[in-house]
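Novice: what's the 3D shape of this:
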Amino acid sequence: MTLGEKIQKLRKQKGLSQEALAEKVTVTRQTISKWELDQSKPDLDFIVQLSNIFNVSSDYLIKDELTEPDEIPFKKKTYHLSEKTKRLLLIIVSVTELIAVFVCLICDYFTAEKLSWSLIASLSIFAAWLITLPAFCSTKIILKTLLVLSIIPIPYLSILAWILKEKVVCTLGICISLVSIAAVWIIYGIFRKYHKRLWRAFGFSLLVVIPVSIAITHISKYFISQNQSDFTSDIFNSAITLILSLVCFGIDYLLCQRKDE
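Specialist: Residues are numbered from 1 along each chain as shown. Here you go, the predicted model:
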């Protein structure tokens, strides 16, 4: 049995699509297809990842003469929720949050004879439910969560401003949200690129945090007050973040040197 045939067999036994396996190994679906057709072979790093995903040893994948996984010791099992379990959890979470909304509305109405704070609570619970939805997906959970987080803030803040009758909640909140969302996507891209060198990813992410924190501070001061900006505080916070970033780059450099020895 070839390496490609073993990958295809184990993938189907796990109930994974080529796209789902590609997401776990951080490659494209076309790459998985080429592996399974023996048009190309995964390098050693990917062999290790595949052995962990399928709970088999690297020897089983590499050696053609080994045709059954039980011929060699299995690695420590990793547990993943089945699709049925995920659907059940989604129903439980949905029902729980729906009950919470009704409780808030009933308590608010019978105590104040009108709806006030319960509208905010219900809106927040609904937003939280939307954010949790990607966690019950089979693939690209992080990416889908980021997409939801990128879409929700603007309508959420607009409705919240309408409930509170405070325009600044919408304008200030949306400005800060846009800056934060842009930063989160940049950091996501950094970790995608340097997923095998996490310390370097942390270093670049901290560099992104510096202009973002300054921007949020000055946006808040612009909408809330017209006080003069405290540049000393900005410089101090930026210097601390820069030092932490340099420490991450230093650790990354030392780890690379150790691997080369």
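
Novice: hang on, isn't residue 89 packed against residue 136?
Specialist: Yes: Residue 89 is in contact with residue 136 according to C-beta atoms under 8 Å; the separation is 6.5 Å. Bear in mind the C-beta positions are built from the backbone N, C-alpha and C, glycine included.

Novice: Going by how many neighbours each has, rank these two and give me the top one.
Specialist: residue 136 (18 against 14; other C-beta atoms under 10 Å).

Novice: Just give me the residue right at the centre of the protein.
Specialist: Centroid-nearest residue in the chain: residue 142, 3.1 Å away (criterion: C-alpha atoms, centre = their mean).

Novice: what's the helix or strand for it?
Specialist: helix 141-151 (DSSP states H and E).

Novice: And the average pLDDT for whichever helix or strand comes after that helix is what?
Specialist: On the C-terminal side of helix 141-151, the nearest following helix or strand under DSSP H and E is helix 153-164. The average of the pLDDT scores along helix 153-164 is 92.

Novice: Show me the contact partners of helix 153-164.
Specialist: 119, 120, 123, 127, 167, 168, 169, 170, 173, 174, 177, 181 (C-beta atoms under 8 Å, 6 or more residues apart in numbering).

Novice: If you drop the residues flanking it in sequence, what lies closest to the second one?
Specialist: Counting by C-beta to C-beta, 6 or more residues apart in numbering, residue 163 is the residue found nearest to residue 120 once chain neighbours are left out, at 6.0 Å.

Novice: how close does that neighbour sit to residue 117?
Specialist: From residue 163 across to residue 117, the span is 9 Å (C-beta to C-beta, to the nearest Å).

Novice: of the two, who's got more company?
Specialist: residue 163 (16 against 13).

Novice: Right, I'll leave it there.
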